[in-house]
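K.L.:
the following comprises the amino acid sequence and a computationally predicted model.
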Amino acid sequence: MTNRALLVMDVQNAIVDRIGDGSAAYLATLGRTVTAARTAGIPVIYVRIAFRTGAPEMSPKNLTFTRIASGSFDESHLSTQIHSAVAPHPGDIIVTKKRVSAFSGSDLDVVLRSLGVDSLVLTGISTSGVVLSTLRQAADLDFGLTVLSDLCADNDPETHRVLMDKVFPRQAAVMTAAEWIEASSAD
């Protein structure tokens, strides 16, 4: 039997706002999935991106992060907090990362190893960002992987489709949240 963890990645105020009209349905489905994970005894780990005041860990060479180099991604700013619709419960873990992958600049690997986790269920915003980067790094670290296709969101629907249909299945099981919830409740 595998020891799984559900990763809820970059579902923080500033990033949820970017998915616009679909955010209510996304958050409702994610909320049901988080509840199902807790019910099944699967750890829920929230991953967020945030920087120290002044972002000293942000290199001017990093084009991705210099575009967001404003105070709105300070660790204590409301924009970096997990969205209230899926707020962490006592016992849930919050990991703060400094780069795109959930592993980069965070203690995620240490937390997972300490919990005996060997399989990850990935959700997050965006598919071409945190989900792709985390999937690739987790595969290299020998984690079993599942991606919940409807709990990954991207500003580019075609990029999302290609990743889900062609790229992710090479390294992960890809299924919907409903399929995963059903399978998890049967375990």
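P.N.:
Noted; the coordinates are in hand.
K.L.:
for R48, phi and psi?
P.N.:
phi -130, psi 160 (degrees, to the nearest 10).
K.L.:
excluding residues flanking it in the chain, which one is nearest it?
P.N.:
In space, and not counting its chain neighbours, R48 is closest to Q12: 4.8 Å by C-beta to C-beta, 6 or more residues apart in numbering. C-betas here are computed from N, CA, C, even on glycine.
K.L.:
beta partners of that neighbour?
P.N.:
Per DSSP bridges, the residues bridged to Q12 are I82.
K.L.:
can you read off the pLDDT for it?
P.N.:
Residue-level confidence at Q12 comes out at 92, pLDDT.
K.L.:
what number of residues lie near it?
P.N.:
By other C-beta atoms under 10 Å, the residues close to Q12 number 23.
K.L.:
that one and F73, how far apart?
P.N.:
Per C-beta to C-beta, to the nearest Å, Q12 is found 9 Å from F73.
K.L.:
and for R52?
P.N.:
10 Å.
K.L.:
who's more crowded, these two?
P.N.:
Under the criterion of other C-beta under 10 Å, the comparison of R52 against F73 puts F73 first, with 20 against 12.
K.L.:
now stretch 178-187: buried residues?
P.N.:
Residues 180-181, 184 are the ones in stretch 178-187 that count as buried (16 or more other C-beta atoms under 10 Å).
K.L.:
about what we covered before: residues touching the residue nearest to R48, list them.
P.N.:
Shown in contact with Q12 (C-beta atoms under 8 Å, 6 or more residues apart in numbering): 48-49, 79-83.
K.L.:
can you give me the pLDDT of S72?
P.N.:
The model's pLDDT for S72 equals 66.
K.L.:
quick thing: my sequence starts at 14, can you match it?
P.N.:
Renumbered: residue one is now 14, and that last one reads S85.
K.L.:
returning to what we had before: name the nearest of the buried residues of stretch 191-200 relative to V134.
P.N.:
Taking C-beta to C-beta as the measure, V134 lies nearest W193 of these, at 6.6 Å.
K.L.:
neighbours around V57, how many?
P.N.:
The burial count for V57: 21, using other C-beta under 10 Å.
K.L.:
should've said V47
P.N.:
V47: 25 surrounding residues under other C-beta under 10 Å.
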